[in-house]
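Visitor: Show me the folded form of this:
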Amino acid sequence: MELRRKSRTVQPAGPLDGGYGWFIVLSTFLVFGLTFGVIKSFGVFFVEIQHYFATTATASSWITSISVATVHFGAPVGSALSTYFGHRPVVVVGGLLSSIGMVAGSYAQDLLQLYITVGFLTGFGYALTWTPTVTMLGWYFEKRRPVANALASTGECILTFILTPSFQFMVDQYSWRGAMLILGALQLNLCLCGALLRPLNRHIPPKELEEKEHELELLSQSHIDSRSSNNRSDSKKSDPLNVKIIRYVDYTLIANARFMVYSMFGVFAALGFFAPSLFLVPYARSQGVEEYQAASLMSISAVLDLLGRVLFGWVANLRLVKTVHQLIVTVILLGIVLLLCPLATTFTQLALFSAGYGLVFGATVSIHITVLAEVVGVERLGSALGFFMLIRSSGGLLGPPLAGIFIDKMSDYGTGFLMAGVALLVSALFLLVLQQMNKKGMGRGKDVNLENGKGHEDLKQRNFNFRKS
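Guide: Numbering: from 1, shown residues only. So this is what the prediction gives:
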């Protein structure tokens, strides 16, 4: 273990709540817009691709679901890599992968190629950009964290508002292939977002550094010893990068009851989060709404989404109510709004639905990361966010295809919204369980020792953030 060669600068000195932190907000704003904003606007491509390849809604929806699932599944990888290499280079590489995936997808000859390029490759690029950026935002803010998260996440809304009609225009002018090629070039801006991520480090006194290095040696040696029984002679020759990255992942989170309950909320919420934005434009067009009016529904939703994020992010910052209570209310309301969608059959009614959906959706997503930070603590947010996204990936993967199955069976896009609404109401049940655990003080600040079953304080969790400069 050559830990002595590591830099003496590690993890944030302390949240700044301003200053250069606002540039981090700007970077995160653009990352939200160029990742999830693009995913939400992809419904315009969905209709064209479905018609071009003469396929079903279920088959076409796999493009988005694979992308969403890869973002979630790759989040722990992005978290670990950014901890080892630094946030800036990982985000830049993620931006390049996102661009390459979109450009390659514009030349796809079948759906399988779109699954691989736009689905997997671009999705993995999104994972490498989104997770490190959001983690760094949490480092730069503490008192103003709800507001910072809300402002940053508005990038998803604003770019959805801009991109949806823009995509429709580009599809009409250049076909879906030309529009996707232009989108690939646009994704290169994610590299600029990575360039804005300036590390926030502090100097560690030699004595404290020596203690941390010793603890890391124990953790790393424990990992190697667990594998040495199969091939003891190879344990000393194991890939140093592999070993070093593994020890930066906080595996004790899987024994944190409150975190796992919150992750189950994430699974069912993901079932309902992504299907509506994918199927809103096709549903409107199936009701006879003109294509540009149908595309404008996502813009209407994006404007109210923006309002919901800012307004309810500000409310959360006031600490008038517990953020978990606020999240419970908004998730239930979001589920109810989605259940009402099939009643809307005209453009006016769909515009009202889009406005209500956008407002409540914005209120929900503006605080769910803040709640995660409260569940595990900000010092563990990097690993927690990665694991949370990984666990939630199953919902993101199955949500759109599951809705597509209902749509194909019933020949009605409205059934996809019913499925999403039910999934969100189920997710609210896990938040109610989390609330009860908070009241009883269950799983707070303790982890389960998997070897002897005894609770213990986490072993100076910040060691997992010790990284190479």
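Visitor: use CA for all of it now, contacts and neighbours both
Guide: Noted.
Visitor: Which residue ranges of the stretch 101-250 of the chain form strands?
Guide: For the stretch 101-250 of the chain, the strands defined by DSSP state E, counting those that start in this stretch cover 202-203.
Visitor: Please enumerate the helices of the stretch 1-150 of the chain.
Guide: Using DSSP state H, counting those that start in this stretch, the helices found in the stretch 1-150 of the chain span residues 21-41, 43-52, 57-73, 75-85, 87-105, 111-114, 122-140, 145-186.
Visitor: which helices and strands does the last one pack with?
Guide: Helices and strands in packing contact with helix 145-186 are listed as helix 21-41, helix 43-52, helix 87-105, helix 122-140, helix 291-318, helix 368-376; criterion 3 or more C-alpha pairs under 8 Å, 6 or more residues apart in numbering; DSSP states H and E.
Visitor: what is the orientation angle of the first one with helix 57-73?
Guide: Looking back up the chat, that one is helix 21-41. 160 degrees (axes from the mean of the first three to the mean of the last three C-alpha atoms, to 10 degrees).
Visitor: and if you look at the fourth one?
Guide: Angular relation of helix 122-140 and helix 57-73 on a 0 to 180 degree scale: 40 degrees, by the same axes, to 10 degrees.
Visitor: Ok, the second one next?
Guide: Relative orientation of helix 43-52 versus helix 57-73 (the same axes, to 10 degrees): 140 degrees.
Visitor: Then the shortest one?
Guide: Following the same axes, to 10 degrees, one obtains 50 degrees for the angle between helix 368-376 and helix 57-73.
Visitor: Show me what counts as buried in helix 368-376.
Guide: By 16 or more other C-alpha atoms under 10 Å, the buried positions in helix 368-376 come out as H368, I369, T370, V371, L372, A373, V375, V376.
Visitor: Would you mark the buried spots in the helix or strand that comes right after that helix?
Guide: As assigned by DSSP states H and E, the chain's next helix or strand after helix 368-376 is helix 381-410. By neighbour count with 16+ other C-alpha under 10 Å, helix 381-410 contains the buried residues 381-407.
Visitor: and if you look at stretch 304-312?
Guide: Across stretch 304-312, burial judged by 16+ other C-alpha under 10 Å covers L304, D305, L306, L307, G308, R309, V310, L311, F312.
Visitor: ok so, going back, a markdown table for the helices of the stretch 1-150 of the chain, including mean pLDDT, mean neighbour count and distance to F279?
Guide: Shown next, in a markdown table, are the helices of the stretch 1-150 of the chain (pLDDT from 0 to 100; neighbours: other C-alpha atoms under 10 Å; distance: least, C-alpha to C-alpha, whole Å):
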| stretch | mean pLDDT | mean neighbour count | distance to F279 |
| --- | --- | --- | --- |
| helix 21-41 | 92 | 25 | 10 |
| helix 43-52 | 88 | 19 | 6 |
| helix 57-73 | 87 | 27 | 9 |
| helix 75-85 | 85 | 26 | 25 |
| helix 87-105 | 96 | 25 | 21 |
| helix 111-114 | 95 | 18 | 18 |
| helix 122-140 | 90 | 29 | 19 |
| helix 145-186 | 89 | 22 | 13 |
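Visitor: closest one to S263 among these?
Guide: Counting by C-alpha to C-alpha, S263 lies closest to helix 57-73 out of these; the figure is 11.9 Å.
Visitor: Run through who's touching that closest one.
Guide: 39, 42, 46, 49-50, 111, 114-115, 118-127, 278, 386, 388-405, 407-408 (C-alpha atoms under 8 Å, 6 or more residues apart in numbering).
Visitor: What of stretch 145-163?
Guide: If you take C-alpha under 8 Å, 6+ apart as the criterion, stretch 145-163 is touched by 17, 25-38, 40-41, 137-138, 141, 298-303, 305-306, 309-310, 313-314, 316-317, 365-367, 369-370.
Visitor: One more: stretch 329-343?
Guide: So stretch 329-343 is contacted by 350, 353, 356-357, 360-361, 363-364, 414-415, 417-418, 420-425, 427-428 (C-alpha under 8 Å, 6+ apart).
Visitor: Which ones among these map onto helices?
Guide: Mapping the contacts of stretch 329-343 onto helices (DSSP state H) picks out 350, 353, 356-357, 360-361, 363-364, 414-415, 417-418, 420-425, 427-428.
Visitor: Buried ones among those?
Guide: 350, 353, 356-357, 360-361, 363-364, 414-415, 417-418, 420-425, 427-428.
Visitor: contacting residues for G18?
Guide: Y140, F141.
Visitor: Count residues in the vicinity of E291, would you?
Guide: E291 has 15 neighbours, counted by other C-alpha atoms under 10 Å.
Visitor: What confidence value was assigned to it?
Guide: Looking at E291, its pLDDT stands at 86.
Visitor: All further residue positions should be reported with the first residue as 6.
Guide: Renumbered: residue one is now 6, and that last one reads E296.
Visitor: Surely it and Y288 touch.
Guide: No: using C-alpha atoms under 8 Å, E296 is not in contact with Y288, being 10.9 Å away.
Visitor: doesn't V294 fall inside a helix?
Guide: No: applying DSSP: H, G, I helix; E, B strand; the rest coil, one finds V294 to be coil, outside a helix.
Visitor: Please verify my assumption that it contacts Q354.
Guide: No: the criterion here is C-alpha under 8 Å, and V294 misses it with Q354 at 11.2 Å.
Visitor: Which one's more surrounded, those two?
Guide: Each of V294 and Q354 has its neighbours counted (other C-alpha under 10 Å); V294 has more, 18 against 13.
Visitor: Please report how far the more buried one lies from D417.
Guide: Applying C-alpha to C-alpha, to the nearest Å, the value for V294 to D417 is 15 Å.
Visitor: ok, now A307?
Guide: 24 Å.
Visitor: and the two? which has more neighbours close in?
Guide: Between A307 and D417, A307 has the larger neighbour count (other C-alpha under 10 Å), namely 32 against 15.
Visitor: And the pLDDT at D230?
Guide: For D230, pLDDT reads 42.
Visitor: What are the neighbouring residues in contact with L133?
Guide: For L133, the contacting residues are G79, A80, V82, G83, S84, V95, V96, V98, G99, G100, by C-alpha under 8 Å, 6+ apart.
Visitor: The fourth one contacts R93, doesn't it?
Guide: It stands for G83. No: counting by C-alpha under 8 Å, G83 stays clear of R93, with 11.4 Å between them.
Visitor: Report the lowest-confidence entry in the buried residues of helix 373-381.
Guide: Lowest pLDDT among the buried residues of helix 373-381: I374, 79.
Visitor: For A275, which of the helices of the stretch 6-155 of the chain is the nearest?
Guide: Of the helices of the stretch 6-155 of the chain, nearest to A275 by C-alpha to C-alpha is helix 62-78, at 9.3 Å.
Visitor: relative to helix 80-90, how tilted is the closest one?
Guide: Using the same axes, to 10 degrees, helix 62-78 lies at 30 degrees relative to helix 80-90.
Visitor: Give me the distance from helix 62-78 to the chain's centre.
Guide: Relative to its parent chain, helix 62-78 has a centroid offset of 14 Å by C-alpha atoms, centre = their mean, to the nearest Å.
Visitor: Please consider this matter closed, and thank you.
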